[in-house]
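Chemist: Build me a model from this:
(4 chains)
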Number of protein chains: 2
Amino acid sequence: MKSSQDRLNDIVDKLRENGCRITPQRVAIIKTFLQSDEHPSIERVYEQVKVNFPTTSLATVYKTVNLLKEIDEILEIGFADGRNRYDGNKPYPHPHLICTKCKAIMDPDISLLDQLTTEVAQASGYRILSHQLEFFGICPDCQKK
Amino acid sequence: MKSSQDRLNDIVDKLRENGCRITPQRVAIIKTFLQSDEHPSIERVYEQVKVNFPTTSLATVYKTVNLLKEIDEILEIGFADGRNRYDGNKPYPHPHLICTKCKAIMDPDISLLDQLTTEVAQASGYRILSHQLEFFGICPDCQKK
DNA sequence: ATACATGCAAAACATTTGCATAAGA
DNA sequence: TCTTATGCAAATGTTTTGCATGTAT
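Modeler: So this is what the prediction gives:
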């Protein structure tokens, strides 16, 4: 398992490779993703970054998030209501388990998923590039309330 | 397998049960969903309905789609870019296979999915209410081009 | 020095809402 | 008749864009 510091360096290197400049805002946004385990929304990242960097604009957060998405260093979790959320720690497709009450997102372990992808590819003739699997339900805490 | 006419009647009955009125606009919108196998977007439904009902407004399409969603007679397929699409023929959660080039959506058959849901529920303690599974790839036709 | 990134404000989008009018039951 | 639905326009919320200024390299 890579340390957060190593992953920060990797992302910074990848940005440089793509001809991008390393600005304090970008570093702050990346750090926010790496230090968060809550799958933050854009707005949430914006709030966090402003704590240490009050002049940062929302537009810059959007631009940086799109950049990180393009170089596959964060994963976008699409919500039907438009409030997308992001995962900077596991930027590859993986399932999510979302509590519809408190909006918590966790990453369940699923063994069967790769088989499933292969099955679909063979049956359909599609070249599968990516997938998205979300479970919606009520988390143990919210069930008690 | 139910005929399209039967399903139209079922939906109309369900609307009545919920105290809703049956307007020509609503019938036209429902028919558009039932006659389409392309998982249409709101905009697409609007265009289709206007062919036979030119005065229909986009707001009415939105309101009716939300209504049908609430009574579980259409399924919303969430897209990260905000352009959601809908399935009126199979209004229960099921996987989709989406071509990222031509945006076609098809419904692959998957045997393992129920097992998978049970697995996640047991391991996490969540009460799973719904799920969403999308595969993204290139369809056979687009691979040739 | 010279691109590129930032921050602001305006624009672009999709969706929702308020309200007067039309129309189902 | 009486309540709900429609259609328009305005409002909302999110994301993108244009551009002058600032800054990384």
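
Chemist: Give me the longest strand you can find in chain A.
Modeler: strand A:127-138 (DSSP state E).

Chemist: mind checking how far it is from the chain centre?
Modeler: Averaging C-alpha positions (Cα atoms, centre = their mean, to the nearest Å) puts strand A:127-138 13 Å from its chain's average.

Chemist: Downstream of it, the next helix or strand is which one?
Modeler: Counting by DSSP states H and E, the next helix or strand C-terminal to strand A:127-138 is helix A:140-144.

Chemist: Pull that following helix out as PDB, backbone CA atoms only.
Modeler: Provided in PDB are the C-alpha atoms of helix A:140-144 (Å, rounded to 0.1, in the frame of the first residue of the first chain):
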ATOM      1  CA  PRO A 140     -26.500   0.100  10.100                       C
ATOM      2  CA  ASP A 141     -26.400   3.400  12.000                       C
ATOM      3  CA  CYS A 142     -29.400   4.900  10.200                       C
ATOM      4  CA  GLN A 143     -31.400   1.700  10.600                       C
ATOM      5  CA  LYS A 144     -31.300   2.200  14.400                       C
END
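
Chemist: hmm, it touching chain B?
Modeler: Yes: remark: helix A:140-144 sits within contact range of chain B at A:140, A:143, by Cβ under 8 Å from any Cβ of the partner chain. Every residue, glycine included, has its C-beta placed from N, CA and C.

Chemist: Tell me who's in contact with the residue nearest the centre of chain A.
Modeler: Closest to where the C-alpha atoms of chain A average out (Cα atoms, centre = their mean) is residue A:87, at 1.7 Å. Residue A:87 sits next to A:33, A:39, A:74, A:75, A:77 when contact means Cβ atoms under 8 Å, 6 or more residues apart in numbering or on different chains.

Chemist: thinking the last one is in contact with residue A:134, fair?
Modeler: Okay, so that is residue A:77. Yes: with contact defined as Cβ atoms under 8 Å, residue A:77 reaches residue A:134; the gap is 7.5 Å.
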